[in-house]
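In: Make a model of this:
(one chain, ligands or ions: 1)
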Amino acid sequence: MTDVSPGYDSLSPQRFPVVVVGAGPAGLTVGNILRAASVDCLVLEAETREFIEQRPRAGVIEEWAVRGLEKRGLARNLLDRAELHTACEFRFGGERYRFAYGELTGSHHFVYPQPLLVRDLVHEYADVRAGRILFGVRDVRLHDVDTDHPAVSYVCPGTGERRVVHCDFIAGCDGARGATRAALPPDRVRVARHSYGIGWLALLAEAPPSADCVLFGCHERGFAGQMPRSPRMTRYYLQCPPGDDPENWPHERVWAELRERLAASGAPPLTEGRLVEKRVLEMHDHVVQPVTHGRLHLAGDAAHLVAPIAAKGMNLALHDAFLLGDALVARLTTGDDGGLAGYGEASARRVWDYQEFSQWLSEVFHGTAAGDPFRAGTTLARLRRLFTSPAAAAAFAEQYLGTAARY
Ligand code: FAD
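Out: Sure thing, here's the model as predicted:
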């Protein structure tokens with residue numbers, strides 16, 4: 001087990017006000033908020049530090065989320081290095097349609113790869129704010145979460161021993177396949193699920209972006225997308241059958257399909273490069289409710305999964321982390337329980353709004369390839385409306401940027 005906690009050893013007290021399970025964007029942000037208020041906490045992470053600092057995933061962060069990080073002293077590198085995106089481009093019917101949402105709203109997206117954000121958050125938490133974090137833990141289990149003396153236990157990979165940590169609160173931030181959600185009583189929890197019945201081949205290319213903005217190719221052969229990540233790395237997506245084998249997609253086939261689906265008159269050729277990641281994602285969503293049981297509070301992907309159609313998952317994880325971190329600080333420093341009592345509902349409003357937008361956008365992306373002339377017709381109507389109706393354009397921009405005044 002790697003331990004980056006200064007002075008942490010087997011003699012350290014095994015009691016913390018908060019145990020955070022999972023060192024993704026949600027868990028690390030909660031940990032940092034707690035440490036900034038001098039609340040002690042322990043973060044338990046199943047993977048190594050090197051692994052989580054390199055795991056490629058998201059890249060598009062909404063402005064309100066960046067401001068939330070900035071307010072908590074967590075955005076220094078991001079603000080220095082992130083690219084600002086003010087437009088996206090739809091390609092359909094062999095033409096390009098640029099949607100300049102920055103001009104329309106004055107707002108923009110930040111593009112900053114998730115591994116860099118995770119690296120910043122780990123560094124700030126462990127090295128600057130002296131937060132305690134254990135990497136490589138195994139078989140995390142929760143105990144007595146519906147009492148006021150909950151505990152978390154885990155197996156040290158080094159010794160194979162099970163250790164118990166007592167706490168006041170547990171933040172379940174261990175992603176969609178984590179352990180904490182299982183501690184919710186099955187008879188009191190509802191998991192609302194939605195499957196799109198499609199897959200996306202997620203690709204990471206060692207190549208500069210082929211355009212200066214996000215590209216959405218709505219093509220009868222299937223959706224194709226381009227998301228710039230950095231001047232040297234670009235994410236691409238190709239719609240594929242669910243459960244498809246990435247081995248069915250050799251280099252040549254990937255680039256041929258991207259060229260065809262993103263073709264548009266006047267568009268420069270794609271900048272091709274080595275594919276360093278190639279995996280098939282199933283497009284599905286779920287929402288767990290309630291996200292709180294006793295002293296356990298779920299946050300981020302542990303509580304809700306949103307397919308990466310609208311690039312919303314990490315933004316929702318940060319939203320939860322701000323709410324939960326602030327609420328835990330209020331409870332532990334002043335005894336104010338209001339934030340924790342309202343946490344689930346405050347989280348859910350933005351979650352459902354983003355789920356609905358993802359569902360709407362899915363039809364725009366996938367409708368023309370559905371093999372159904374009726375869906376193809378309504379999809380094209382939706383697309384055209386974005387470029388003919390100022391009201392429709394404003395509504396899209398607001399949802400895409402997450403800037404609604406209230407959720
Ligand atoms: P995670 O990042 O999954 O972190 C959970 C952590 O818990 C992990 O480090 C994991 O190792 C650890 N863990 C798991 N189980 C255990 C256990 N039992 N014990 C201890 N630790 C455990 N979102 C966006 O907003 N914008 C985008 O552009 C975007 N693009 C994406 C592209 C792809 C290809 C994918 C897959 C996702 C994308 N997302 C995007 C979604 C985003 O990556 C996730 O929503 C985000 O990582 C959620 O953060 P989290 O902290 O809740 O969970």
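In: Quick check: closest non-adjacent residue to G273.
Out: A207 (2.7 Å; Cβ to Cβ, 6 or more residues apart in numbering). The C-beta positions use only the backbone N, C-alpha and C, and glycine is treated the same way.
In: Spell out which parts of the stretch 151-300 of the chain neighbour the ligand.
Out: C173, D174, G175, G178, A179, A202, L281, G300 (Cβ under 6 Å from any ligand atom).
In: just to revisit the earlier point, model confidence for the residue nearest to G273, exactly?
Out: Looking at A207, its pLDDT is 97.
In: so which of the residues of the stretch 151-300 of the chain next to the ligand is the most crowded?
Out: Highest neighbour count within these, by other Cβ atoms under 10 Å: C173, with 33 neighbours.
In: just checking, it touches V19?
Out: No - with contacts counted by Cβ atoms under 8 Å, C173 stays clear of V19, the gap being 10.4 Å.
In: got the buried residues for stretch 75-94?
Out: By 16 or more other Cβ atoms under 10 Å, the buried positions in stretch 75-94 come out as 75, 78, 82-83, 85-93.
In: same check, this time on stretch 265-273
Out: Neighbour counts over stretch 265-273 (16+ other Cβ under 10 Å) mark A267, L270, E272, G273 as buried.
In: Would you format those as TSV with pLDDT and secondary structure included?
Out: Putting the buried residues of stretch 265-273 into TSV (pLDDT from 0 to 100; DSSP: H, G, I helix; E, B strand; the rest coil) gives the following:
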residue	pLDDT	secondary structure
A267	97	coil
L270	97	coil
E272	97	coil
G273	97	coil
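In: Find the nearest non-adjacent residue to P150, please.
Out: Spatial nearest neighbour of P150, excluding adjacent residues (Cβ to Cβ, 6+ apart): R295 at 4.4 Å.
In: and if you look at D168?
Out: Using Cβ to Cβ, 6+ apart and skipping residues adjacent in sequence, the residue nearest D168 is P17, 5.0 Å away.
In: residue contacts, the one you found?
Out: L34, V39, D40, C41, C167, D168, F169, L332 (Cβ atoms under 8 Å, 6 or more residues apart in numbering).
In: try V30
Out: V18, V20, C41, A171, C173, A299, A321, L324, G325, L328.
In: And the pLDDT at the closest residue to it other than its chain neighbours?
Out: Among residues not flanking V30 along the chain, G325 sits closest, at 4.4 Å (Cβ to Cβ, 6+ apart). Predicted confidence (pLDDT) for G325: 98.
In: what do you get for P56?
Out: 89.
In: Verify the contact between it and E277 for me.
Out: Yes - using Cβ under 8 Å, P56 is in contact with E277, at 5.7 Å.
In: which residues do these two both contact?
Out: Among the neighbours of P56, those also in contact with E277 (Cβ under 8 Å, 6+ apart) are L204.
In: element containing P185, please.
Out: Secondary structure assigned from DSSP states H and E places P185 in neither a helix nor a strand.
In: Is there a neighbour count for it? I'd like the number.
Out: The tally of other residues near P185 (other Cβ under 10 Å) stands at 10.
In: Same check on G313?
Out: When neighbours are defined as other Cβ under 10 Å, G313 has 25 of them.
In: From Q359, how far off is the closest residue in space to it that isn't next to it in sequence?
Out: Distance criterion Cβ to Cβ, 6+ apart; nearest residue to G313, sequence neighbours excluded, is V306 at 5.1 Å. V306 is 10 Å from Q359, where distance means Cβ to Cβ, to the nearest Å.
In: Give the intersection of the neighbour lists for those two.
Out: By Cβ under 8 Å, 6+ apart, the residues touching both V306 and Q359 are D285.
In: More neighbours: which of those two?
Out: Set V306 next to Q359 and count neighbours by other Cβ under 10 Å: V306 wins out with 25 against 16.
In: Tell me which helix or strand the spatially closest residue to T86 that is not a sequence neighbour sits in.
Out: Computed as Cβ to Cβ, 6+ apart, the closest residue to T86 that is not its neighbour in sequence is G102, at 2.7 Å. Applying DSSP H and E as the criterion places G102 in helix 101-105.
In: So which elements touch the next helix or strand after that helix?
Out: Moving toward the C-terminus from helix 101-105, the next helix or strand (DSSP H and E) is strand 109-111. Here strand 109-111 touches strand 60-62, helix 63-71, strand 83-85, going by 3 or more Cβ pairs under 8 Å, 6 or more residues apart in numbering; DSSP states H and E.
In: hmm, 7 Å instead?
Out: Where contact means 3 or more Cβ pairs under 7 Å, 6 or more residues apart in numbering; DSSP states H and E, strand 109-111 is packed against strand 60-62, strand 83-85.
In: wait, which of the ones you listed is closest to the ligand?
Out: Nearest of these to the ligand, taken as Cβ to the nearest ligand atom: strand 60-62 at 3.8 Å.
In: List the contacts of the closest one.
Out: With Cβ atoms under 7 Å, 6 or more residues apart in numbering as the test, strand 60-62 has contacts from H109, F110, V111, Y112, M227, A311, M314, N315, L401, G402.
In: Next: stretch 261-278.
Out: Contact with stretch 261-278 is made by 56, 91, 94-96, 201-208, 210, 215, 217, 219, 221-222, 224, 226, 246, 249, 251, 254-255, 258-259, as judged by Cβ under 7 Å, 6+ apart.
In: coming back round to it: closest one of the buried residues of stretch 265-273 to the ligand?
Out: For those, the residue nearest the ligand by Cβ to the nearest ligand atom is G273; the value is 17.5 Å.
In: What's the per-residue pLDDT of the residue positioned nearest the centre of the chain here?
Out: What sits nearest the mean C-alpha location of the chain, by Cα atoms, centre = their mean, is M314, with 2.2 Å. Looking at M314, its pLDDT is 98.
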